[in-house]
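In: Compute the structure for the input listed below.
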Amino acid sequence: MTHFPLRLRIDGQALVSNWRWLAGRSGPAACGAAVKANGYGTGAGEVVTLLRAAGCRDFFVATWNEAEAVLPLIGDASLSVLHGVQEEDMSGALASAARPVLNTPLQVRRWREAAGGRACDVMLDTGMNRLGLTEADVATGLLDGLAIDTLMSHLACADEDSAMNERQRGRFAALAGSIPARRRSLANSAGICLGADYGFDLTRPGIALYGGIPRPEAQGIIRQVVRLEAQIIQRRRADAGESVGYNATFTAERPVELAVLNIGYADGYLRGFSGRGRALAEGAVLPVIGRVSMDLTTIGVDAAPHLREGDWVALDYDLAAAAAQSGLSQYELLTILGRRHQRLWT
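Out: So this is what the prediction gives:
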């Protein structure tokens, strides 16, 4: 078996616990799960399997190749493809059990002409100006007669206490009242935290499932899902006056014990952690020393001098803390984790 010098320990119980809390916060609305970007980097197949067993019946991916990868695991649950259908997608989409989320007038016309009345989902733009049909599009009768399962929109500022949240909720409620659909869906992870008024019929959490803290309401409740571990390649010592790493950004003021880890920005541990990140070993906090490089990161191990070549350390990858250290968003921290990590579900 190939040896992996990097490990992601992924806590399935924490994932399910997070989904159950989000489902409870969703009130009477059903709670789905966004599993796009390979389950936010954790492994979409494992996420679908665990959450379906826990009771989740609605899953969301971005593209049709993502849908193809998880459809064999969906069973009696539903799967929606958020980016809709391009012309090149149509043959596969028509043969698939997944539903497209139609975002543009062209996508609506394409589906209406080819799908023979099959159900779809529809995205409305209520102020984000990203994906979705406008109020003017709807006013033309574009959606008349379409078999819409889920009518949805997306909140732009739900992670903040912004007046835009209520404006979007009101616009969505007004538009949805004039469009026949089986269900309505607005809230993402942060939207769920805003309260039951944002739940409608179906919520679509993403980042909070995987340990992200979307708003203060989730602090202390959402559990860490991903733990990142790296193996020590070399132990060494830098004497006073010697520098460490590219561009000599760190110079030792005194002798310092170092460990070089088998991880770098090619693995998703980016340069933002340079001089700011930290590793953990048996209760000791071990700072990142100098620049993170492509495949290697150096830490100071004065607090754990017993560590040797071949030992493992954990990187501090609590998402909120790691975001503060690196300047990256919690979403980036998960989705940039590369292929060289062995993913171990517990």
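In: Please report how far residue 177 lies from residue 191.
Out: 19 Å (Cβ to Cβ, to the nearest Å). All C-beta atoms are positioned from the backbone trio N, CA, C, and that covers glycine.
In: More neighbours: the two, which one.
Out: residue 191 (28 against 8; other Cβ atoms under 10 Å).
In: Show me what the host helix or strand of that one is in contact with.
Out: Assigned by DSSP states H and E, residue 191 belongs to helix 189-194. Applying Cβ atoms under 8 Å, 6 or more residues apart in numbering, the external contacts of helix 189-194 come out as 22, 25-26, 31, 155, 158-159, 165, 187, 198-199, 203, 205-209, 212, 214-215, 217-218.
In: ok, the closest residue to residue 329 other than its chain neighbours - contacts?
Out: Counting by Cβ to Cβ, 6 or more residues apart in numbering, residue 329 lies nearest to residue 323, which is 6.2 Å off, once chain neighbours are set aside. Residues near residue 323 by Cβ under 8 Å, 6+ apart: 329, 330, 333.
In: can you give me the strands in the stretch 201-346 of the chain?
Out: According to DSSP state E, counting those that start in this stretch, the stretch 201-346 of the chain carries its strands in the segments 202-203, 226-238, 243-244, 250-251, 256-261, 278-281, 284-287, 297-300, 312-315, 342-345.
In: now those strands as a markdown table including mean pLDDT and mean neighbour count?
Out: Below are the strands of the stretch 201-346 of the chain laid out as a markdown table (pLDDT from 0 to 100; neighbours: other Cβ atoms under 10 Å):
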| stretch | mean pLDDT | mean neighbour count |
| --- | --- | --- |
| strand 202-203 | 98 | 24 |
| strand 226-238 | 97 | 19 |
| strand 243-244 | 97 | 16 |
| strand 250-251 | 97 | 17 |
| strand 256-261 | 98 | 22 |
| strand 278-281 | 96 | 20 |
| strand 284-287 | 97 | 18 |
| strand 297-300 | 98 | 24 |
| strand 312-315 | 97 | 20 |
| strand 342-345 | 94 | 15 |
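In: Switch these over to CSV; also include distance to residue 51.
Out: Shown next, in CSV, are the strands of the stretch 201-346 of the chain (distance: least, Cβ to Cβ, whole Å):
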stretch, distance to residue 51
strand 202-203, 13
strand 226-238, 16
strand 243-244, 43
strand 250-251, 43
strand 256-261, 32
strand 278-281, 29
strand 284-287, 34
strand 297-300, 33
strand 312-315, 26
strand 342-345, 13
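In: what's the closest of these to residue 6?
Out: Minimum separation from residue 6 across the strands of the stretch 201-346 of the chain (Cβ to Cβ) falls at strand 226-238, 5.5 Å.
In: What strands line up against the closest one, and which way round?
Out: Strand 226-238 sits in its sheet next to strand 6-10 (antiparallel), strand 256-261 (antiparallel), strand 312-315 (antiparallel), going by DSSP bridges.
In: Let's have the ones you listed in a markdown table, adding distance to residue 238.
Out: Output for these, formatted as a markdown table (distance: least, Cβ to Cβ, whole Å):
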| stretch | distance to residue 238 |
| --- | --- |
| strand 6-10 | 24 |
| strand 256-261 | 5 |
| strand 312-315 | 18 |
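In: Out of those strands, which gets nearest to residue 142?
Out: Here strand 6-10 is closest among these (Cβ to Cβ), at 42.2 Å.
In: same question for the following helix or strand past that closest one, mean pLDDT?
Out: Using DSSP H and E, the next helix or strand after strand 6-10 towards the C-terminus is helix 12-25. Mean per-residue pLDDT for helix 12-25: 98.
In: was I right about residue 50 contacting residue 12?
Out: Yes - with contacts counted by Cβ atoms under 8 Å, residue 50 reaches residue 12, the gap being 5.1 Å.
In: if we can go back for a sec, generate a ChimeraX selection restricted to the buried subset of the contacts of helix 189-194.
Out: Selection of buried members from those for ChimeraX, criterion 16 or more other Cβ atoms under 10 Å:
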select :22,25,26,31,155,158,159,165,187,198,199,203,205,206,207,208,209,212,214,215,218
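In: Among the contacts of helix 189-194, which lie within helices?
Out: Among the contacts of helix 189-194, DSSP state H puts 22, 25, 165 in helices.
In: and which of those is nearest residue 301?
Out: Closest approach between the ones in helices among the contacts of helix 189-194 and residue 301, by Cβ to Cβ: residue 22, at 38.6 Å.
In: Name the nearest residue to that closest one, ignoring sequence neighbours.
Out: Per Cβ to Cβ, 6+ apart, closest to residue 22 is residue 205, 4.6 Å.
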